[in-house]
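Peer 1: Sequence and predicted structure below; questions after.
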Amino acid sequence: MKEQRFTAPAPAGLGVEMVGVPKDAEIEVDSRLESVMEGVLVSGTALLPIQGECARCLDDISFTLEVEFQELFVYDDTRSAAGADEDEHRLDGDLLDLEPVLRDAVVLALPLSPLCQDDCPGLCAECGARLADVGPGHTHDVADPRWAALQGLAEQREESQEG
């Protein structure tokens, strides 16, 4: 068994639509490599800086995410090519590629609709103002379009009564 700690730059596209790891941000990886019959079992944790935007108010958010991973990297000669699973990871000599394993762990751990705070009220549907900034009494006087013709009649009547 071998334990190893290292930092590595984040690859591009590590995330989902609204939130993810910035390209070239430092990822701290704490890994444990164990020799098993079929290959090398790699397990560990990764600490990643996350940036994105709130799904409700579109403010920028950032936080640190810790993900766990575990994957078996098999030797080339342990399984025949006919019985090999296309999703299994293989050792390339003495090298193994952790990027796909980390990508799977990070994408599954990220929220699909990240929020800046749990009770974020979002944006006003009428004017687009951030509801946390304008307060709970924020309203708009919107006339029902079905009554718009009657509103015009009321205005004409007021004008005729004044004249």
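Peer 2: Great, that's in hand. The shown structure was predicted, so the numbers you read here are calculated from the model rather than taken from an experiment.
Peer 1: Please make it C-alpha for all contacts and neighbour counts, starting now.
Peer 2: Will do.
Peer 1: low-scoring pLDDT stretches of this protein, where are they?
Peer 2: 78-87, 154, 163 (pLDDT under 70).
Peer 1: and the most centrally placed residue in the chain, what are its bridge partners?
Peer 2: By CA atoms, centre = their mean, the chain has its centre lying nearest to residue 19, at 3.4 Å. Legend: beta-bridge partners of residue 19 under DSSP bridges are residue 52.
Peer 1: Strands of this protein, start to end?
Peer 2: 2-9, 14-15, 19-21, 26-35, 39-53, 60-74, 89-90 (DSSP state E).
Peer 1: Longest helix in this structure, by number of residues?
Peer 2: helix 148-162 (DSSP state H).
Peer 1: Show me what counts as buried in stretch 130-147.
Peer 2: Applying a neighbour-count criterion of 16 or more other CA atoms under 10 Å, the buried positions in stretch 130-147 are 130-131.
Peer 1: Against residue 161, how distant is the closest residue to residue 11 other than its chain neighbours?
Peer 2: Nearest-residue entry for residue 11: residue 23, 5.6 Å, with adjacent residues in sequence omitted and distances by CA to CA, 6 or more residues apart in numbering. For residue 23, the distance to residue 161 equals 69 Å [CA to CA, to the nearest Å].
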